[in-house]
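Chemist: Next comes the sequence, and after it the predicted model I'd like to discuss.
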Amino acid sequence: HGLQRDLALAERHLRVGAQAKDAEAMANLGVLLLEQDRPEEAAGFLSGAAKQGNERAVSLLGQLGEEAKDRARAAREQLEFLAGQGDPRAKAMLLEFEAEQ
């Protein structure tokens, strides 16, 4: 309970700084959110920090982008495999996937 309470308190304090557009607070909040497996929310704060020139945020956003590409590539490969096995849902999802690209 103590660690969760400390993390919640840290998040609240970092949000105050992030709302004030403090790049370091935004970057730190992004890291905290990543550690809590909240990458979509983290990306917004990291993006704000990166726009202000925070190098750590720029680097983390690059890593997130690469991870997203890797996951998309793996998902596509799995869909292609399943579609090749005749799975109609996989075929439909693959068509949707291709339409988004």
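Modeler: Arrived safely, thanks for sending.
Chemist: Give me the secondary structure label for the residue sitting furthest away from the middle of the chain.
Modeler: Largest separation from the mean C-alpha position in the chain: G86, at 32.4 Å (Cα atoms, centre = their mean). What DSSP: H, G, I helix; E, B strand; the rest coil gives for G86 is coil.
Chemist: Show the backbone phi and psi for it.
Modeler: Reported as degrees, to the nearest 10, the phi and psi values for G86 are phi 90, psi 10.
Chemist: how much space between L64 and R73?
Modeler: Shown here: L64 relative to R73, a distance of 15 Å by Cβ to Cβ, to the nearest Å. Where C-beta positions appear, they are placed from N, C-alpha and C, glycine not excepted.
Chemist: which stretches of the protein have low pLDDT?
Modeler: 1 (pLDDT under 70).
Chemist: That one: helices as residue ranges?
Modeler: Under the criterion DSSP state H, helices of the chain are mapped to 2-19, 23-35, 39-51, 55-84, 88-100.
Chemist: ok, the residue farthest from the centre of the chain to Q63 distance?
Modeler: G86 is 37 Å from Q63, by Cβ to Cβ.
Chemist: which one of L64 and R73 has more residues nearby?
Modeler: Higher neighbour count among L64 and R73: L64, with 18 against 10, using other Cβ atoms under 10 Å.
Chemist: Alright, I will stop here.
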